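Enquirer: here's my sequence, what's the structure:
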Amino acid sequence: MRISGLPWLAPAGFFAAGWIATGAARGAVEGFFQYEEEGGGVTLTAYLGQAGRAEVPRTLGGRPVEAIGKEAFREKGAVTAVSLPASVTRIGERAFWGCDNLDTLELPPRLEVLGKEAFSYCGKLSRVEIPSGLQEIPAGAFQQCDSLYEVNLPEGIATIGKYAFANCEMLVRVRLPASLSTLGEAAFQYCGQIASLQLPAGLTRVGNYAFSHCTGLREITLGSGLTHLGTHAFLNCRKLAAVALPAGTAEIGKHVFKGCETLASVTLPSGLTRIPQHAFWGCDSLEKISLPDTITAVGEDAFRDCRRLRQVFLPRRLREIGPRAFQGCTRLLALAVPGTVEEIGEDAFAECAELKTLELPLGFLEFSPKPALAVPRGVRVVPAGKGE
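Expert: Numbers count the residues shown, from 1 in each chain. Take a look at the predicted model:
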């Protein structure tokens, strides 16, 4: 601030312990640490130093340090290691956000609360031991930690929030505890080095995009308690070879296995009522699939471009086949559409070049299949139930 072209001079005592140099927040200062009293302890609100190693003292102003406040170390690029006292039980939102040279960190054993995005964009952080007192890994907690290669979550963790480990490109090993019940949206999205995962039996919901673009994922074991598999959950998991959905799975989201080009074996449970849109689009290695009797609808583009698919067993209760549901299934030899089907979308059978026999309900026949179905020329079309 300048007046009449003269430099502004701070009043005497302005930079005393009650203010930090920027004047942005009130708080006492001791050494390189700004803090505020809270209850019987203090919260560290800002680190004012530039040292490579920051050792947070056990006390400030004679009181124990119990919390690291919101954005206290944010974008401290010079910090390479942080030592926290055992008295710390809370770490605030974005507390270490953007500390891109931080590679050594030991979380205090009594930690109970970890704030959102607490360690996001800590690009050199390679390994983290999570203390047993935590119950939640919050949203974005370790997002974009490019060097993080191993995560062991202790028993007691019930929730992993959205984007918690998203874009951790070097993450290889993940251990999920039996206590886990909820896995949030995009929690492990773009973790391309994970090869194998076992989801615990208590996990009931896998969020949208949870493992999307995990291009190195080869093996997944879904826990017996799973009821909901979110949209895009395994989108573009190109090396995933087999999936067996547990008996209690009641819903799978759209695009759930789209682009899983190595997926060759799929087991679907009774209880599912719908194959959603784009569910298996581009699953090039899938040769055979049997839909359970509870399925009443196959969504648009559901099996589009499954180029090795030869056999599909449709259930007797099926009511609807969406547009382009089997388009591009170039090796599909025969398909029996049950007489219960009331709606078939446009281009449902387009580009099925090797299709020989197609059974259709009478309402879709007239003298020949309706043009909108795009049945290839030369296909033997017969009324449903007359295929033999």
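Enquirer: you'd agree Gln193 is up against Asn167?
Expert: No - using CB atoms under 8 Å, Gln193 is not in contact with Asn167; the gap is 11.7 Å. C-beta coordinates here come from the backbone N, C-alpha and C atoms, glycine included.
Enquirer: which of these two has more neighbours?
Expert: Taking other CB atoms under 10 Å, Gln193 and Asn167 do not tie; Asn167 has more neighbours (20 against 15).
Enquirer: need the contact list for that one.
Expert: Each residue near Asn167 by CB atoms under 8 Å, 6 or more residues apart in numbering is listed here: Gln143, Gln144, Asp146, Gln189, Tyr190, Cys191.
Enquirer: closest to Thr296 among these?
Expert: Nearest to Thr296 out of those is Gln189 (CB to CB; 31.1 Å).
Enquirer: contact partners for the closest one?
Expert: Taking CB under 8 Å, 6+ apart as the test, what Gln189 contacts is Tyr163, Ala166, Asn167, Tyr209, Ala210, Phe211, Ser212, His213, Cys214.
Enquirer: do that again at 7 Å, thanks
Expert: Ala166, Asn167, Tyr209, Ser212, His213 (CB atoms under 7 Å, 6 or more residues apart in numbering).
Enquirer: one step back: quick check: PyMOL command selecting the buried ones in the contacts of Asn167.
Expert: Buried residues among the contacts of Asn167 (16 or more other CB atoms under 10 Å), as a PyMOL selection:
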select buried, resi 143+144+146+189+190+191
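Enquirer: report the beta-bridge partners for Ile220.
Expert: Going by DSSP bridges, Ile220 is paired in beta bridges with Leu197.
Enquirer: my read is that it contacts Leu240, right?
Expert: Yes - Ile220 lies in contact with Leu240 (CB atoms under 7 Å); the separation is 6.5 Å.
Enquirer: those two: who's more crowded?
Expert: Shown here are Ile220 and Leu240; by other CB under 10 Å, Leu240 has more neighbours (25 against 20).
Enquirer: what's near enough to touch Leu318?
Expert: Ile295, Thr296, Pro338, Thr340, Val341.
Enquirer: now list the buried members of those residues.
Expert: Ile295, Thr296, Pro338, Val341.
Enquirer: okay, the residues you listed in JSON lines with distance to His228 and secondary structure next?
Expert: Formatted as JSON lines, those follow (distance: CB to CB, whole Å; DSSP: H, G, I helix; E, B strand; the rest coil):
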{"residue": "Ile295", "distance to His228": "17", "secondary structure": "coil"}
{"residue": "Thr296", "distance to His228": "18", "secondary structure": "coil"}
{"residue": "Pro338", "distance to His228": "28", "secondary structure": "coil"}
{"residue": "Val341", "distance to His228": "27", "secondary structure": "coil"}
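Enquirer: got JSON lines for the residues you listed, with distance to Gly27 and pLDDT too?
Expert: Below are the buried ones among the contacts of Leu318 laid out as JSON lines (distance: CB to CB, whole Å; pLDDT from 0 to 100):
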{"residue": "Ile295", "distance to Gly27": "61", "pLDDT": "97"}
{"residue": "Thr296", "distance to Gly27": "62", "pLDDT": "97"}
{"residue": "Pro338", "distance to Gly27": "72", "pLDDT": "93"}
{"residue": "Val341", "distance to Gly27": "69", "pLDDT": "94"}
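Enquirer: contacting residues around Leu203?
Expert: Leu180, Ser181, Leu183, Gly223, Gly225, Leu226.
Enquirer: pLDDT score assigned to the first one?
Expert: Reading off the per-residue confidence, Leu180 sits at a pLDDT of 96.
Enquirer: before we move on, what about the one 3 residues further on?
Expert: The score at Leu183 is 97. That number is its pLDDT.
Enquirer: can you report how many residues neighbour it?
Expert: Around Leu183 there are 26 residues (other CB under 10 Å).
Enquirer: got it, and Gly123?
Expert: Counted with other CB under 10 Å, residues neighbouring Gly123 total 15.
Enquirer: pLDDT at it, what is it?
Expert: 94.
Enquirer: same question for Phe14.
Expert: Model confidence at Phe14 (pLDDT) stands at 32.
Enquirer: now swap in Gln135 and tell me
Expert: Reported pLDDT for Gln135: 95.
Enquirer: that one and Leu268: what is the separation?
Expert: 33 Å (CB to CB, to the nearest Å).
Enquirer: so which of the two has more stuff around it?
Expert: Leu268 (18 against 13).
Enquirer: touching, the more buried one and Pro292? I think so.
Expert: Yes - in this structure, Leu268 is within contact of Pro292 by CB under 7 Å, at 5.5 Å.
Enquirer: and Gly40, how many neighbours does it have?
Expert: 8.
Enquirer: again with Thr330
Expert: Close neighbours of Thr330, defined as other CB under 10 Å, add up to 16.
Enquirer: quick one, what contacts it?
Expert: Here Thr330 is in contact with Arg307, Glu351, Cys352, Ala353, Glu354 (CB under 7 Å, 6+ apart).
Enquirer: what about 10 Å?
Expert: Going by CB atoms under 10 Å, 6 or more residues apart in numbering, Thr330 touches Asp305, Cys306, Arg307, Arg308, Leu309, Glu351, Cys352, Ala353, Glu354, Leu355, Pro376.
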